[in-house]
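**Q** I would like the atomic coordinates for the input below:
(chains A, B, C and D)
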There are 2 protein chains.
Amino acid sequence: MGYEELDARKMLILKAIIDDYISSMEPVGSRTIAKKYDMGLSSATIRNEMADLEEMGYLSQPHTSAGRIPSDKGYRLYVDKLMDPVDNSSLKPTEEDFEAIRSFMEKRIHELNGMVHAASEIVSRITHYAAVGMAESVNKHAIKTLKVISLDTDRVLVIVVLDNDVIKNQIVKLREPLLGEELSKLNVICGNILSGYRAQDISITMINDIVSLSGIERERILPIVDGVLECIKQCDSAEIYTEGTANLLEHPEFNDISKAKALIELFNKEDELARLLHSCGDAEASDIVIRIGTENKMLAVTDCSVVTATYSVDGVDIGTIGVIGPTRMDYGKVISALEYVRKRLLPK
Amino acid sequence: MGYEELDARKMLILKAIIDDYISSMEPVGSRTIAKKYDMGLSSATIRNEMADLEEMGYLSQPHTSAGRIPSDKGYRLYVDKLMDPVDNSSLKPTEEDFEAIRSFMEKRIHELNGMVHAASEIVSRITHYAAVGMAESVNKHAIKTLKVISLDTDRVLVIVVLDNDVIKNQIVKLREPLLGEELSKLNVICGNILSGYRAQDISITMINDIVSLSGIERERILPIVDGVLECIKQCDSAEIYTEGTANLLEHPEFNDISKAKALIELFNKEDELARLLHSCGDAEASDIVIRIGTENKMLAVTDCSVVTATYSVDGVDIGTIGVIGPTRMDYGKVISALEYVRKRLLPK
DNA sequence: TGTTAGCACTCTACTTGCTTGAGTGCTAAC
DNA sequence: GTTAGCACTCAAGCAAGTAGAGTGCTAACA
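**A** Numbers count the residues shown, from 1 in each chain, chains lettered A, B, ... in the order given. Coordinates of the predicted model:
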């Protein structure tokens, strides 16, 4: 994608600038580069190259007599071509991290949700940014088990278990009481007809089948079937876990309270988060997707970067973990944390 | 309890100072009081009284040439004796609030959890502070329904419904598969023996009864019974909803990032929040409890006030809502918001 | 004896001007 | 094409001075 405008030297200088800025958080000047990264060039030469890079839009200057900082476009090039290859041998999750994993195991939470939750906690702990975990929504998952249980005379509990072990339940109010045998008949019929299908595959014919096979009057059975569908549909709203939001406040770019507030607000809105993560997941090319600054359409994160990884087992997506931090984030560390989680955690 | 050391005039002046400070957020001086609240006294006289009040510990001075601000002790007296009687006629929840309530109703979430969630959202919206909702833990609630459902050959799903309609579930891994008839027998036995009891009332005899009545070998049935107990115990960890944490960042006392961070961290730790709310609920005297500043033992909230209301229907506690904000909070508004919720929301 | 006016005092917040240092852009020489 | 050198710019830090709010104290007053 046309980075030919940059010769090798410009690339090298850009890389040095971004590396330095990521670790120092301060605008970097030509002298710094000339001294720290000896590339046999004087500061004057580097100055000229920097001016070119700025003109091309890879760098910008907070004010005339300050050093340069990378622009979104600069970061883009950096993560695409310049960045050092990821090395996660240096990642040493603490004993606490292992404790967290163990604890989730021991509590016999074999569900995916528990795993995603644990994973995002660990990612946030390793990276010191905020992590968002999202278990894959029902859209891609079939119904494994479906039960209707009587609670009292006028209410039943509908439980749906998906094939990724996500469990959903909902209480449904009845017009008139349902007899015990009617209930067990309904259980069998619903189970037979609906299990194996995804929520989006349930057709009106299937519903009609349930009603007619049950042999119960239409107006008594319909609210229940309705409730079942409602419950299945409700599965659609994916479970979301946010971890380490407070970490973000450590980073100087969020000293500005109004920015911090916008972010914290975002983290409290599950639907927005889901949209954000999904919008990143589109690209099917690579499994780790990086969105830098204004590449995020969502206003609250236009000066953040969002790195998402989608995990799958046997070709089926099971969840997504996203890391949200300042554009000046340590991309290498974030990527290696996400890779680490893939290797160690998810394929049990 | 011994506020006799203060004569009526001192009280009046103290009240004026605190009222003013709550609305202005700025240290208030003697001239301000003399002018705005005409009590027929000169600033000099008020100055003398203020010096007395400071000596007695009701006020303090940020620095010599600033006005006075209330101390925790001052706020305590204020909320106990001085504060204007609560008037919640002025509380006009927005159309959005009603929308939130309606939406919860329509979704057929009749469970308590949904109500508590909605209520805390509304309280946070009215007050502009952070609200924490906590549905009452199982300790006080009996098991209404208990079901064991087969998921696949080596896993079952345990579902517990309490008499306040809280639903809990857990997946249990089996050593060996369980036959269909064994499962249904187990369902009946567990239901008969356990329902009606609270988690804390389950005795070892009851467990033994289940094992022997089931007629299944001890080593096959025990992990399941164990799982059932685990699930019931898990109910103990109350559901917690936090709303409006971002609101707190609006208030100038949290411009200090490190304070803000400590608070946001607290809001991400459910167990700590539960402890905080419970520690407030002890006092059985009044149903609204106010903890001011250092009266809170928890470090992160020593410069916050926590106002909690415990709600009950027919004498049974069903949940607690807490509001967390700066000690300089509008106590009247918070109390009336909590009262409003009691009147309009909870007794359906 | 309680209240008040007046005054000296204190301390913060704000302004102004100055200095320093980092960094740039440009030009001329290599 | 590269570099040295120089003039220029700008933010940040410092010092000194000012303004203003508020206090405490004293002495006079009712």
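
**Q** just checking the helix or strand hosting A:Val148 against chain B, any contact.
**A** Element membership of A:Val148, judged by DSSP states H and E, is strand A:143-152. Yes. Remark: strand A:143-152 sits within contact range of chain B at A:Lys144, A:Thr145, A:Lys147, A:Ile149, A:Ser150, A:Leu151, A:Asp152, by C-beta under 8 Å from any C-beta of the partner chain. C-betas here are computed from N, CA, C, even on glycine.

**Q** just checking: what are the partner strands of that strand?
**A** strand A:155-162 (antiparallel) (DSSP bridges).

**Q** and the next helix or strand past the partner strand?
**A** Past strand A:155-162, the next helix or strand by DSSP H and E is strand A:167-173.

**Q** can you give me the neighbour number for the residue of chain A with the smallest separation from DNA strand C?
**A** Going by C-beta to the nearest atom of the strand, DNA strand C is nearest to A:Gly29 of chain A, at 2.8 Å. Neighbourhood size, A:Gly29 [other C-beta atoms under 10 Å in any protein chain shown]: 18.

**Q** from memory it sits against A:Gly67, does it?
**A** Yes. Using C-beta atoms under 8 Å, A:Gly29 is in contact with A:Gly67, at 3.8 Å.

**Q** before we move on, the earlier item: out of the residues of strand A:143-152 next to chain B, which are buried?
**A** A:Lys144, A:Thr145, A:Lys147, A:Ile149, A:Ser150, A:Leu151 (16 or more other C-beta atoms under 10 Å in any protein chain shown).

**Q** of the residues of strand A:143-152 next to chain B, closest to DNA strand D?
**A** Taking the residues of strand A:143-152 next to chain B together and measuring to DNA strand D by C-beta to the nearest atom of the strand, the closest member is A:Lys144, at 59.0 Å.

**Q** against A:Ile17, how distant is the residue of chain A closest to DNA strand C?
**A** 9 Å (C-beta to C-beta, to the nearest Å).

**Q** quick check: neighbours shared by those two?
**A** A:Arg68 (C-beta atoms under 8 Å, 6 or more residues apart in numbering or on different chains).

**Q** tell me where the stretch 51-200 of chain A has helices.
**A** In the stretch 51-200 of chain A, the segments counted as helices under DSSP state H, counting those that start in this stretch are A:72-77, A:95-106, A:112-127, A:180-194.

**Q** next structured bit after the helix or strand hosting A:Arg275?
**A** Taking DSSP H and E as the criterion, A:Arg275 maps to helix A:270-281. Moving toward the C-terminus from helix A:270-281, the next helix or strand (DSSP H and E) is strand A:288-292.

**Q** that next one pairs with which strands, and in what direction?
**A** strand A:304-313 (antiparallel).

**Q** got the helices of the stretch 51-200 of chain A as CSV, with mean neighbour count and distance to B:Gly322 columns?
**A** Output for the helices of the stretch 51-200 of chain A, formatted as CSV (neighbours: other C-beta atoms under 10 Å in any protein chain shown; distance: least, C-beta to C-beta, whole Å):
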stretch, mean neighbour count, distance to B:Gly322
helix A:72-77, 21, 42
helix A:95-106, 13, 27
helix A:112-127, 24, 24
helix A:180-194, 16, 40
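
**Q** ok, of these, where does mean pLDDT dip lowest?
**A** For these, mean pLDDT drops lowest on helix A:95-106, to a mean of 63.

**Q** ok, back up a step: restrict the residues of strand A:143-152 next to chain B to those near DNA strand D?
**A** Restricting the residues of strand A:143-152 next to chain B to those touching DNA strand D (C-beta under 7 Å from any atom of the strand) yields no residues.

**Q** out of those residues, what pair is the most spread apart?
**A** A:Lys144 and A:Asp152 (27.0 Å; C-beta to C-beta).

**Q** now chain A, which segments are flagged as low pLDDT?
**A** A:1-4, A:88-93, A:97-113, A:136-140, A:164, A:234-238, A:280-286, A:314, A:316, A:345-348 (pLDDT under 70).

**Q** recalculate using a threshold of 50.
**A** For chain A, the stretches flagged by pLDDT under 50 are A:108-110, A:348.

**Q** near DNA strand C, which residues of it?
**A** A:27-32, A:43-44, A:47, A:50-51, A:54, A:61, A:64-68.

**Q** can you rerun that using 10 Å?
**A** For chain A, the contact set with DNA strand C under C-beta under 10 Å from any atom of the strand comprises A:17, A:20, A:24, A:26-35, A:42-52, A:54-55, A:59, A:61, A:63-68.

**Q** so what's the residue of the stretch 101-250 of chain A found nearest DNA strand D up against?
**A** For the stretch 101-250 of chain A, the residue closest to DNA strand D is A:Glu250, as judged by C-beta to the nearest atom of the strand, at 19.7 Å. Contacts of A:Glu250 were listed using C-beta under 8 Å, 6+ apart, and they are A:His128, B:Lys261.

**Q** now swap in the one 5 residues further on and tell me
**A** For A:Asn255, the residues meeting the contact criterion (C-beta under 8 Å, 6+ apart) are B:Ile257.

**Q** so what does it have for phi and psi?
**A** Torsion angles at A:Asn255 (phi, psi; degrees, to the nearest 10) stand at phi -60, psi -30.

**Q** sort out for me which of the residues of chain A next to DNA strand C are in strands.
**A** Among these, the residues falling in strands (DSSP state E) are A:Leu59.

**Q** please indicate which of the residues of chain A next to DNA strand C are buried?
**A** Among the residues of chain A next to DNA strand C, those classed as buried by 16+ other C-beta under 10 Å are A:17, A:20, A:27-30, A:32-34, A:46-47, A:49-50, A:52, A:59, A:67-68.

**Q** can you list the residues of chain A near DNA strand D?
**A** A:7, A:9, A:27, A:30, A:34, A:39-49, A:61-66.

**Q** identify the bridge partners of the nearest residue to A:Tyr75 once chain neighbours are set aside.
**A** Take A:Tyr75 and drop its neighbours on the chain: the residue closest to it by C-beta to C-beta, 6 or more residues apart in numbering or on different chains is A:Ile292, 4.8 Å away. Using DSSP bridges, the beta-bridge partners of A:Ile292 come out as A:Ser305.

**Q** need the contact list for A:Tyr21.
**A** Counted by C-beta under 8 Å, 6+ apart, A:Tyr21 has contacts A:Pro27, A:Val28, A:Ile69, A:Pro70, A:Arg328.

**Q** should've said A:Glu176
**A** Contacts of A:Glu176 by C-beta under 8 Å, 6+ apart are A:Asp154, A:Arg220.

**Q** switch the cut-off to 6 Å
**A** A:Arg220 (C-beta atoms under 6 Å, 6 or more residues apart in numbering or on different chains).

**Q** which residues sit against stretch A:37-51?
**A** If you take C-beta under 6 Å, 6+ apart as the criterion, stretch A:37-51 is touched by A:Lys10, A:Ile13, A:Ala16, A:Ser30, A:Arg31, A:Ile33, A:Ala34, A:Arg68.

**Q** and stretch A:317-331, by the same measure?
**A** Taking C-beta under 6 Å, 6+ apart as the rule, stretch A:317-331 contacts A:22, A:75, A:79, A:112, A:116, A:119-120, A:123, A:127, A:129-136, A:164, A:251, A:253, A:277, A:281, A:292-293, A:304-312, A:334.

**Q** in it, what counts as buried?
**A** Buried-residue list, stretch A:317-331, by 16+ other C-beta under 10 Å: A:317-329, A:331.

**Q** from these, which is closest to B:Val156?
**A** A:Ile318 (21.8 Å).

**Q** and the closest one, how far from A:Ser312?
**A** Distance from A:Ile318 to A:Ser312, by C-beta to C-beta: 6 Å.

**Q** just the contacts of stretch A:37-51 now: which is nearest B:Leu179?
**A** Looking across the contacts of stretch A:37-51 and measuring by C-beta to C-beta, the closest to B:Leu179 is A:Ala16, at 68.7 Å.

**Q** gap between the nearest residue to that closest one once chain neighbours are set aside and A:Asp19?
**A** Residue nearest to A:Ala16 in three dimensions, not counting chain neighbours: A:Tyr37, with 4.4 Å by C-beta to C-beta, 6+ apart. A:Tyr37 sits 8 Å away from A:Asp19, going by C-beta to C-beta.
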